[in-house]
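**Q** Curious how this folds, go ahead:
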Amino acid sequence: MESVAFVAVPFPAQGHLNQLMHLSLLVASRGLSVHYAAPAAHVRQAQSRVHGWDAKALASIHFHHLDVPTYDSPAPDPAAASPFPSHLMLMWESFTDAARAPLAVLLDRLSATHRRVVVVHDKLSAFAAVEAARLSNGEAFGLQCAAISYSLTRLLDREHKLLRDHDLQPLAIDACTTKEFMEYISRAAGGTGGVPSSGLVMNTCRALEGEFIDAIAEHPRFKDEKLFAVGPLNPLLDASARTPAGKTRHQCMDWLDAQPPASVLYVSFGTTTSFRAEQIAEMAVAIKGMQQAELEILAHGATAAFMSHCGWNSTMESLSHGKPILAWPMHSDQPWDAEFLCKYLKVGLLVRPWEKHGEVVPAAAIQEVIEEAMVSDNGMALRRRAKVLGEAVRA
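**A** Okay, the predicted model is just below:
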């Protein structure tokens, strides 16, 4: 009988798939038996989009396809009242309804051949904790894919010292999502039957959220849970990093090599952002960016800053490579991440506050923020702070 089976159960959204993939690769590198369980399409998505790892590293993981009905999500609606990716809701609901049964079969099989089965599941895939609790030799840990400070803001009084001293003003979660998503979250949580978790794994570190980690450890809600701050989960590359073996170097990297140090603004808005045509036109006037999302770009010495939607995955990747962020939050936890970057860590500049998500940001306003980040004294100080913070994260 083998010792321990580590089972990763992600939530089917790229920033979530990616974090559990990085964690799985890290655990597999320590010699444990690692199993990554998701619908076939999302396994392929996670495999094809993982960055910073040798292609051979994927062979160290056992991938399992959870048999769920296929669902083709409709195209996003850039003109919708909310920028939340509501077009993905039916796919997420299908996953939550159908993935539990095949996961139970997999866990039963692993339970019979391993002394211990440890399930690490995305907090949004809480049904995995219920299936782990059925096993006599199983336990489950949730993975927090958002900033731990984001979760804490929902538990703290608005006059808490951490918020008051830094003028942090979190928005209610339902203000940045939709009614349908909140109902979905409520149904998913209700389906767990209050099964306790063995602990919480957090993609963060003390250099970024130390005060918030301490605060959550002291909160009564977490008094019986083990807390593990294990971030950043993404590989930490340096400016001289070569493309991992088995991967093709993107042509934009050759272009970056020819640019002066700290002269390039990298622009990426993740995988769930959609803009109206008018906004894309204004952005095109203001910036000339590249189109390939690679960790190597953030590590490259020519890259000065990152214009981002402020998803926590992108935030961790940028800060761990010492790059400040030009914040353009879109939905969910992103408005909080922008607030945290600009006011608490002081390594961000706000391009567009979330409250104005229904407006088109003119090219001149975008250009003003870019110029502040790239050529002003304040921008120089911003980049220095981000560099120091990146060194602390990597230490």
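
**Q** contacts, neighbours, all on C-alpha from now
**A** OK.

**Q** what comes into contact with whatever helix or strand Ala132 lives in?
**A** Per DSSP states H and E: Ala132 is located in helix 127-134. Identification of contacts with helix 127-134 by Cα atoms under 8 Å, 6 or more residues apart in numbering yields 9, 96, 100, 103-104, 107, 117-119, 121, 138-141, 188, 191-193, 195, 197.

**Q** So for stretch 9-19, what gets flagged as buried?
**A** Buried residues in stretch 9-19, defined by neighbour count with 16 or more other Cα atoms under 10 Å: Val9, Pro10, Phe11, Pro12, Gln14, Gly15, His16, Leu17, Asn18, Gln19.

**Q** so how far is the first residue of it from its last?
**A** In stretch 9-19, first residue to last residue: 11 Å (Cα to Cα, to the nearest Å).

**Q** Just the buried residues of the helix holding Ala132, please?
**A** Under 16+ other Cα under 10 Å, the buried positions of helix 127-134 are Phe127, Ala128, Ala129, Val130, Glu131, Ala132, Ala133.

**Q** Can you read off the pLDDT for the second one?
**A** Taken from the predicted model, the pLDDT recorded for Ala128 is 96.

**Q** returning to that earlier point: can you tell me which of the buried residues of helix 127-134 comes closest to Asp165?
**A** Ala129 (37.0 Å; Cα to Cα).

**Q** List the contacts of stretch 153-162.
**A** Contacts of stretch 153-162 (Cα under 8 Å, 6+ apart): Arg164, Gln169, Pro170, Ala172, Glu211, Phe212.

**Q** now the residues you listed: which count as buried?
**A** The buried subset of these - by 16+ other Cα under 10 Å - is Gln169, Pro170, Phe212.

**Q** Just flag the most distant two among the contacts of stretch 153-162.
**A** The widest separation within these (Cα to Cα) is 21.3 Å, between Ala172 and Glu211.

**Q** all strands for the chain, in order.
**A** 2-9, 33-38, 61-65, 114-122, 138-144, 199-202, 226-229, 264-268, 303-308, 325-327, 348-350 (DSSP state E).

**Q** quick one on the thing from earlier: can I get the contacts of stretch 153-162 in a markdown table with distance to Gln47?
**A** Output for the contacts of stretch 153-162, formatted as a markdown table (distance: Cα to Cα, whole Å):
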| residue | distance to Gln47 |
| --- | --- |
| Arg164 | 42 |
| Gln169 | 37 |
| Pro170 | 34 |
| Ala172 | 34 |
| Glu211 | 34 |
| Phe212 | 32 |
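
**Q** so of those residues, which ones are in helices?
**A** When the contacts of stretch 153-162 are checked against helices (DSSP state H), the matches are Arg164, Glu211, Phe212.

**Q** follow-up on the earlier one: closest one of the contacts of stretch 153-162 to Pro83?
**A** Nearest member of those to Pro83, counting by Cα to Cα, is Ala172, at 15.6 Å.

**Q** Spatially nearest residue to the closest one (excluding sequence neighbours)?
**A** Spatial nearest neighbour of Ala172, excluding adjacent residues (Cα to Cα, 6 or more residues apart in numbering): Arg154 at 7.7 Å.

**Q** any idea how far that neighbour is from Ala207?
**A** From Arg154 over to Ala207 (counting by Cα to Cα), the distance is 22 Å.

**Q** same check, this time on Thr273
**A** Thr273 is 29 Å from Ala207, by Cα to Cα.

**Q** from what I can see Pro260 touches Ala302, true?
**A** Yes - the criterion here is Cα atoms under 8 Å, and Pro260 meets it with Ala302 at 5.8 Å.

**Q** Can you give the distance from the longest helix along the chain to the centre of its chain?
**A** Identified as the longest helix of the chain according to DSSP H is helix 377-394. Distance of helix 377-394 from the chain centroid (Cα atoms, centre = their mean, to the nearest Å) equals 21 Å.

**Q** So which elements touch it?
**A** Applying 3 or more Cα pairs under 8 Å, 6 or more residues apart in numbering; DSSP states H and E, one finds that helix 377-394 makes contact with helix 206-218, helix 312-320, helix 363-375.

**Q** Can I get it in PDB? Just the C-alpha atoms.
**A** In PDB, the C-alpha atoms belonging to helix 377-394 read as follows (Å, rounded to 0.1, in the frame of the first residue of the first chain):
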ATOM      1  CA  ASP A 377       9.500  60.400 -10.200                       C
ATOM      2  CA  ASN A 378       6.500  58.800  -8.500                       C
ATOM      3  CA  GLY A 379       6.700  55.900 -11.100                       C
ATOM      4  CA  MET A 380      10.400  55.400 -10.300                       C
ATOM      5  CA  ALA A 381       9.600  55.200  -6.600                       C
ATOM      6  CA  LEU A 382       6.700  52.800  -7.300                       C
ATOM      7  CA  ARG A 383       9.000  50.500  -9.300                       C
ATOM      8  CA  ARG A 384      11.600  50.600  -6.500                       C
ATOM      9  CA  ARG A 385       9.100  49.600  -3.900                       C
ATOM     10  CA  ALA A 386       7.800  46.800  -6.100                       C
ATOM     11  CA  LYS A 387      11.400  45.600  -6.600                       C
ATOM     12  CA  VAL A 388      12.100  45.500  -2.900                       C
ATOM     13  CA  LEU A 389       8.800  43.800  -2.300                       C
ATOM     14  CA  GLY A 390       9.600  41.200  -4.900                       C
ATOM     15  CA  GLU A 391      12.900  40.500  -3.300                       C
ATOM     16  CA  ALA A 392      11.100  40.000   0.100                       C
ATOM     17  CA  VAL A 393       8.600  37.600  -1.500                       C
ATOM     18  CA  ARG A 394      11.300  35.500  -3.100                       C
END
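
**Q** Buried residues in that helix, which are they?
**A** 379-380, 382-387, 389-390, 392-394.

**Q** related to what we said a few turns ago, can you redo the contacts of stretch 153-162 as a markdown table with pLDDT?
**A** Listed next are the contacts of stretch 153-162 as a markdown table, based on pLDDT from 0 to 100:
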| residue | pLDDT |
| --- | --- |
| Arg164 | 91 |
| Gln169 | 91 |
| Pro170 | 91 |
| Ala172 | 87 |
| Glu211 | 96 |
| Phe212 | 95 |
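
**Q** Out of the residues you listed, which comes closest to Leu90?
**A** Ala172 (23.6 Å).
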